[in-house]
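Chemist: pasting the structure only:
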């Protein structure tokens, strides 16, 4: 599945599977999947089933609505089709995909759903799912990501999670977890529901908390509109504001170099590593929110976040053998700090709020990327505040103690800003500092005294902010060794290890989905009962019966 | 690996791998694994490595110390060997084992570690690990289960988790989670530690929180003794009390029937189901704690818990194709309630505390058993209080509404007792009632008003205490269908689904290990990089280098 690279950049005028309409403060995202519009040949996207391409468009729409449409306070997800809302991930596509593609596809799809939930919770854009027909598997999982689920009460419209009975896999992209943790469906009801291929409809679906409202089919469109407009009316978004255009992300792939305006990535295929080199701002930040608005997508923090986000998706899906991401930066830490100060000062502005929330999501995407993350803090780098979160997100960090011989760059420093103490929680609800210092929460408070100070290696080490601080004699060897060592380990083992070590402390619906449900699903996807020659996923639609290995592990 | 059945029943005089000595309120559990004492042929238990047989003895010792030795307030785990504490799970054994055996072995091992932690936290028996030599992999995981880890400061004694670098799997029996969640080791330190095959020793091991104290090798034995005796001195256990003997569990396996004094299990191989028929008490409970003590292991709640526990282990390891456990009971609910009242009244007594804690652990073992659980509440059953927890633990429950035609048994009832509201939390810290009614916590309070009432099917349904309440016309078909349907599904899918639906709500170290770390480990155990013909686990010790598939899922 890695023939031509998958491109995550799109625009509404190029959507093949979704229609976006705006009216009275409400956006209508209407699913109408083009059967022949699959990302890869070999399968037809029948019955509003989806592949990664369909979800790339949805993710784009969710993102654009936030930045381009401050006037939109509610979003309706619905289907163009009669009798079918969405039948979930396309089974033939799954059958043709590599394990790696399947896992990455599920992860991205769940990130889109989390972005939907983030919009409802934090951005004043509440998602409503209006179901006319069957919402099966991933189709119902998409509904579960919305704040409200409306179901036509027509005796046939239904919600279902038929993965287990039909395909021998799980509703593993959040389905099970959202069912019992978000909607708090009783576990015995969930058990019955998830083993009933045809799903549930009508009163039982509502009584069991699977949907929020039943609506007569003739009134569904009208009631949906009314509910959405009412929600939009209560939104905190500024109805009169104008959005900014998310202009195309400029990217040039030149052999093993990927160039964005503020980010260059060099692939070292021998060491299976990608070096991210981020560039800090070159000028002082604009004066205020209005000036940020005038810069639009060119505003440095927004531009950089979009580039990092696109780069991560590109590398995840298209460079699956590049197992280590080395994070480096170049620029002036004082300027980064000044941008952070601006973001903090203007935090009540809708656009600034969106930019900060987007950084939060981008950093979370990094946290759940199945790549080893190594941060290098060198002279000339600018890991301050928001950018220092990248160092904290890394599995380990190296900071040069002193200067490089023959270089006139002063010693490397890092800086903390207030942005390290709240706005960018991880999926588990903790800041990266709080997660790092789980054993000594008071240390996080003490670190607040360090805000704004240029911290050199020795102090950074004392404060526990970096892992290792070699001097220039050891630097090259130590860093090379770390990267090469990583390349020698089993990727599977590393994925599991990193997913476990990164998220100490509390769990949330979000971390449960990534770190628990996904792990089970990955396991099940590997088991012959699902993907073996006689597995349910392979035989689906052939009329043949799977023969299961009956042992219970 | 399922040739002769594995028997979990043992006694100290039959131990082959551990020595148990008692002195001054301290128990010394000394590991001295018999190389030739493997549970199965084909591998040698070199270097104090272990297989399931070694852990069965440890689990037995942990259990006996609690019941048979109220005078013991601290337990020291140490090694008989010079230079080696324990080298973890035996690799050759893992290489020879089926996936199912490996997973079940890891689960049991972790349950033993949880029992150790439960003893330290709740039973006044604090575990101290005294490490002289190398504690590698599962050896260090065992240490992590202890409250204190003492390490000889001799320049060579070390702790390590070399699974990832050497074997391409995880320290998956709690290692990673206990590291960052229990000991709260900083995540970048944990990353370095888990990728360093030789592990850590001396000052760094202590500074990084991997061990608690460094002790000069010549003083290790003496210091360990001092620390343990000091702990024992602070224990809440009654030094002067006498323990009770955990007499052998009587079990007869007769074809497809397994008979214990208070529990009969019938295997229905066609439907891949085991019917558990528990028997309630036949007499009124004894008067007080002294009378309980006099009954000893024959005291009905203790006897039944031991039988259920043994049965679960037997079925898990020896009957791996029996995928559904059907839970039934027979007896007088009022008598069960009377026993619960006694347990509550005498809860401050050390023995009663142990019995209640043992029920807690037994119910938790049921929660994490990879079997579908279906409870049947019929006329003549006695699901009250403690026994009603089995119904709450089930994935779903059926309760007959009314009576069976031609039977003179009155309608089935269930009863709540105070034991349903606190003493038996699940691994996630919630009572089963609280987990069930996550969406309406106030309902749990309302249910307290129902304590002691005989609740018939219609009310049980209204109160949300059972899943389905068919009448006698539908009963047989509905129950049969449920069991048969379960037998038709993929076992893997069911395992993942049940593990996710059973534990809504908060996560703890315990649920993280079972539901997240184990899932990753299961996945990794299936991947060719670990267990394929060129996988690290297969090639370990051959001198050959694994060839890894480098893609990142």
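Modeler: Noted; the coordinates are in hand. These numbers were taken from a predicted model, which means no experiment stands behind them.
Chemist: quick check: residues of the stretch 201-350 of chain A near chain B?
Modeler: A:209, A:272, A:316, A:320-323 (CB under 8 Å from any CB of the partner chain). For every residue, glycine as well, the C-beta is placed using N, CA and C.
Chemist: if we use 10 Å, what do you get?
Modeler: Residues of the stretch 201-350 of chain A found near chain B (CB under 10 Å from any CB of the partner chain) are A:209, A:272, A:315-316, A:319-324.
Chemist: what residues of the longest helix anywhere in chain A count as buried?
Modeler: For chain A, the helix with the greatest residue count under DSSP state H is helix A:99-122. Neighbour-count burial for helix A:99-122, counted by 16 or more other CB atoms under 10 Å in any protein chain shown, picks out A:100-120.
Chemist: could you do stretch A:202-215 as well?
Modeler: The neighbour-count criterion (16+ other CB under 10 Å) identifies A:202, A:205-206, A:208-215 as the buried residues of stretch A:202-215.
Chemist: give me the mean pLDDT for that stretch.
Modeler: Across stretch A:202-215, the average pLDDT comes to 98.
Chemist: what's the end-to-end length of it?
Modeler: Chord length of stretch A:202-215, first to last residue, is 9 Å (CA to CA, to the nearest Å).
Chemist: run the chain-centre distance for stretch A:318-332.
Modeler: 18 Å (CA atoms, centre = their mean, to the nearest Å).
Chemist: ignore the last one, stretch A:373-386
Modeler: On CA atoms, centre = their mean, the centre of stretch A:373-386 falls 23 Å from that of its chain.
Chemist: again with stretch A:249-256
Modeler: Computed by CA atoms, centre = their mean, the chain-centroid distance of stretch A:249-256 equals 22 Å.
Chemist: what mean pLDDT does it get?
Modeler: Mean per-residue pLDDT for stretch A:249-256: 97.
Chemist: swap in stretch A:546-553?
Modeler: Rounded mean pLDDT across stretch A:546-553 is 90.
Chemist: next step: the buried residues of stretch A:202-215 restricted to helices.
Modeler: A:202, A:205-206.
Chemist: and these as JSON lines, adding distance to residue B:438?
Modeler: Formatted as JSON lines, these follow (distance: CB to CB, whole Å):
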{"residue": "A:202", "distance to residue B:438": "24"}
{"residue": "A:205", "distance to residue B:438": "19"}
{"residue": "A:206", "distance to residue B:438": "18"}
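Chemist: closest to chain B out of these?
Modeler: Closest approach to chain B among these (CB to the nearest CB): residue A:206, at 13.3 Å.
Chemist: tell me the strands beside the helix or strand containing residue A:325, with direction?
Modeler: Under the criterion of DSSP states H and E, residue A:325 resides in strand A:324-330. Strand pairing for strand A:324-330, using DSSP bridges, gives strand A:273-279 (parallel), strand A:372-377 (parallel).
Chemist: pick the most deeply packed of these.
Modeler: strand A:372-377 (a mean of 26; mean count of other CB atoms under 10 Å in any protein chain shown).
Chemist: which among the residues of the stretch 201-350 of chain A next to chain B count as buried?
Modeler: Of these, these count as buried by 16+ other CB under 10 Å: A:209, A:272, A:315-316, A:319-320, A:322-324.
Chemist: so which two of these are the farthest from each other?
Modeler: Based on CB to CB, the longest span within these runs between A:209 and A:272 and measures 46.0 Å.
Chemist: list the buried ones in the helix or strand harbouring residue A:445?
Modeler: Using DSSP H and E, residue A:445 sits within helix A:441-447. Within helix A:441-447, the residues that qualify as buried are A:444, A:447, counting by 16+ other CB under 10 Å.
Chemist: rewinding a little: between the ones in helices among the buried residues of stretch A:202-215, which is nearest residue A:493?
Modeler: For these, the nearest to residue A:493 is residue A:205 (42.1 Å; CB to CB).
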